[in-house]
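Student: show me how the following folds:
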Amino acid sequence: MGMLTAMITTTILNNGVRVVSQRVEHMHTVTTGIWVASGTRHEAPENNGVAHFIEHMLFKGTERRSARQISREIDSIGGILNAFTGHEYVCYYAKVLAKFLPQAVDLLADIFMHSTFPADEIERERKVVLQEIKMREDSPDEFIHDRFHVNHWRGHSLGMPVLGTAATIGTLQRDAILFHKQSRYRPQDIIISAAGNVRHEELLAMVEPLFSSIESAWKPEPSTIFATSGKAVHLTEREMEQTLICLGTPGQRHNHPDRYALFLLTTILGGGMSSRLFQEVREKKGLAYSVYAYLVSHADSGAMVIYAGTEKAHCREVIDIACGELSRLVAEEVPQDELDSAREQLKGKTLMSLESSDSLMTRLAKNEIYFEGQQTIEEVLANYDAVSSQDIRRVSQELFSSDSLHLEVMGSVAGLGLDGEILKI
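Tutor: Modelled structure (predicted):
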């Protein structure tokens, strides 16, 4: 294990682009990602969705490859080429057998730097993204998490949806798209991250000549501090078989010193089949098939969210159980055996993630974005080991209170009497 973490190397190019790699010799693959530490929260509100739109457009043709050639080329080497956009970053990545790394880097660099944004492709992709927005709205179990995020961060740039809205995507202009990419893709925000059977000096030799000429004079506005809005209830009436619930509390920023206690707390509350919510809501009472808790964290704020899908008649009961479990965490310390079990669960997940080059690549980049440096796996495991039951109770007391709960419910909500009164810890 010590071997695994010792193999991380970081180089900063003269313009500020960071190149970080982790060599794992026994892997057959390499995953390479080009990350930009700029996402939906850095958009102009009238162009909401532009970061994600650019992510689509980079696959639509460069000066020397058509869209079709891009997809044929990655398929012909048996690789995966994909991208994703978040509120604070965008990532373009390729996963290939180690011997095809030069082709993967060439392809990624080409789409990243030389995409041509043809006007006809923009019009076609506009339709595609509008369909993607509709598709998410048609999948209530995805859409409710989007609604929670938008409402929890309402009034703040973090509250803008990643896909944008039908209105903003419908009017997005080509020059706004190009300006966003040219300005926001700043060298100091770019991280090239690679993991697997890769040698740092070989990666560097490939990327340095390509990326050292990027420049941007854009200066971001200082970001406003997010203040939680207090107790909130949002109901969406929709004809559905189930009633879906997201109950959220404030969380923590990405690099909060108490984050390991919060990870463990969330696992104990709703992170698997032995978790309190799963046992109480599903196993004992049979009120839901799906029930869990998860964390959302950004550079300066976060949320902890409990999700459950139940039927209308049991909606109030499930919310009461969830509030009851939060109160229990505030009132009493978690028994040692339950804490140890959650700790092993998280340590096991952490160690198992080392087996895939994609999750290693993601870890390297997110460490750069949120911690401005690398943490070894040993440090991560030691941080889990250091958390006590007292820490978990203290963090619960800091985060959970009746006046900061946020409830999002979707389904046949009329007549359920769901309001702030029922939210009590």
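Student: CA only for contacts and neighbour counts going forward, please
Tutor: Will do.
Student: send me stretch 329-345 as CSV with only the CA atoms.
Tutor: The C-alpha trace of stretch 329-345 is given here as CSV (Å, rounded to 0.1, in the frame of the first residue of the first chain):
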residue,chain,number,x,y,z
LEU,A,329,-27.3,11.5,16.5
VAL,A,330,-27.5,14.8,18.3
ALA,A,331,-28.7,13.3,21.6
GLU,A,332,-26.5,10.2,22.1
GLU,A,333,-23.1,8.9,21.1
VAL,A,334,-22.9,6.2,18.4
PRO,A,335,-22.0,2.8,20.0
GLN,A,336,-18.4,1.9,19.4
ASP,A,337,-19.2,-1.3,17.4
GLU,A,338,-21.5,0.6,15.0
LEU,A,339,-18.8,3.2,14.5
ASP,A,340,-16.1,0.6,13.9
SER,A,341,-18.3,-1.2,11.4
ALA,A,342,-18.9,2.1,9.4
ARG,A,343,-15.2,2.9,9.6
GLU,A,344,-14.3,-0.5,8.0
GLN,A,345,-17.0,0.1,5.4
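Student: give me the contact list for that stretch.
Tutor: 264, 267-268, 384-385, 389-390, 392-394, 396-397, 400 (C-alpha atoms under 8 Å, 6 or more residues apart in numbering).
Student: quick one: the helices in the stretch 101-250 of the chain, in order.
Tutor: 101-114, 119-138, 140-152, 166-171, 174-184, 200-211 (DSSP state H, counting those that start in this stretch).
Student: okay, buried residues for the fourth one please.
Tutor: It refers to helix 166-171. 166, 168, 169 (16 or more other C-alpha atoms under 10 Å).
Student: out of the residues you listed, flag the one nearest to residue 241.
Tutor: If you rank the buried residues of helix 166-171 by distance to residue 241 using C-alpha to C-alpha, residue 166 comes first, at 26.5 Å.
Student: what's the spatially closest residue to residue 163 that is not a sequence neighbour sitting at in phi/psi?
Tutor: Nearest residue to residue 163 in three dimensions, chain neighbours excluded: residue 49, at 4.8 Å (C-alpha to C-alpha, 6 or more residues apart in numbering). With angles defined as degrees, to the nearest 10, residue 49 sits at phi 100, psi 0.
Student: my read is that residue 49 contacts residue 166, right?
Tutor: No. Assessed by C-alpha atoms under 8 Å, residue 49 is found out of contact with residue 166, at 9.6 Å.
Student: name the helix or strand for the closest residue to residue 204 other than its chain neighbours, please.
Tutor: Leaving out its chain neighbours, the residue that sits closest to residue 204 by C-alpha to C-alpha, 6+ apart is residue 19, at 7.3 Å. Residue 19 belongs to strand 18-23 when elements are defined using DSSP states H and E.
Student: can you pull out the strands in this structure?
Tutor: In the chain, strands defined by DSSP state E lie at 8-12, 18-23, 29-36, 80-85, 90-97, 190-196, 232-237, 243-250, 291-297, 302-310, 406-411, listed in chain order.
Student: can these go into a markdown table with extra columns for distance to residue 64, mean neighbour count and mean pLDDT?
Tutor: Shown next, in a markdown table, are the strands of the chain (distance: least, C-alpha to C-alpha, whole Å; neighbours: other C-alpha atoms under 10 Å; pLDDT from 0 to 100):
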| stretch | distance to residue 64 | mean neighbour count | mean pLDDT |
| --- | --- | --- | --- |
| strand 8-12 | 28 | 16 | 95 |
| strand 18-23 | 25 | 24 | 97 |
| strand 29-36 | 20 | 26 | 98 |
| strand 80-85 | 18 | 18 | 98 |
| strand 90-97 | 19 | 23 | 98 |
| strand 190-196 | 22 | 28 | 97 |
| strand 232-237 | 48 | 16 | 92 |
| strand 243-250 | 47 | 25 | 96 |
| strand 291-297 | 39 | 19 | 97 |
| strand 302-310 | 42 | 24 | 97 |
| strand 406-411 | 47 | 24 | 95 |
